[in-house]
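Asker: fold the following and give me the result.
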Amino acid sequence: MWKIYKYDGRYIQGEFLSKHTSENAALKAAKKNIGYTFCEKQKINKETRIWLDDVDHTPMGIIVKKTRG
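Answerer: Numbering: from 1, shown residues only. Prediction:
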């Protein structure tokens, strides 16, 4: 499950927006709700993160997926 979080002024993973079953759907929803310019995918252990940045590369939000097993 891909979960989209928006920067709330204090935490990057602050305000929960929505969850999606595919990465494509999550990216489309994030583009509509957050309006990011750049994204960077990062995989650490069993968690995949997609960092969402604006034109100046300041963080706007994150998409997170945790896998089991």
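
Asker: tell me the contacts of the residue sitting nearest the centre point of the chain?
Answerer: Computing the C-alpha centroid of the chain and ranking residues by Cα atoms, centre = their mean puts residue 63 first, at 2.0 Å. The contact partners of residue 63, by Cβ atoms under 8 Å, 6 or more residues apart in numbering, come to 2-5, 23, 26-27, 30, 49-50, 52. For the C-beta atoms, the positions are set from N, CA and C on the backbone; glycine is no exception.

Asker: a markdown table please, covering the residues you listed and showing pLDDT and neighbour count.
Answerer: Shown next, in a markdown table, are these (pLDDT from 0 to 100; neighbours: other Cβ atoms under 10 Å):
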| residue | pLDDT | neighbour count |
| --- | --- | --- |
| 2 | 97 | 21 |
| 3 | 97 | 16 |
| 4 | 97 | 23 |
| 5 | 97 | 20 |
| 23 | 96 | 14 |
| 26 | 97 | 22 |
| 27 | 96 | 18 |
| 30 | 96 | 25 |
| 49 | 97 | 15 |
| 50 | 97 | 21 |
| 52 | 96 | 24 |
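
Asker: which of those lies closest to residue 17?
Answerer: Nearest to residue 17, judged by Cβ to Cβ, of these is residue 4 at 4.4 Å.

Asker: most widely separated two among the contacts of residue 63?
Answerer: 5 and 23 (15.1 Å).

Asker: OK, contacts around residue 69?
Answerer: Residues in contact with residue 69 (Cβ under 8 Å, 6+ apart): none are found.

Asker: looking at the contacts of residue 63, which are in strands?
Answerer: Within the contacts of residue 63, residues falling in strands by DSSP state E are 2-5, 49-50, 52.

Asker: show me which of these is closest to residue 19.
Answerer: Set against residue 19, the nearest of these by Cβ to Cβ is residue 3 (4.8 Å).

Asker: please name the nearest non-neighbouring residue to the closest one.
Answerer: Once flanking residues are discounted, residue 3 sits nearest to residue 19: 4.8 Å by Cβ to Cβ, 6 or more residues apart in numbering.
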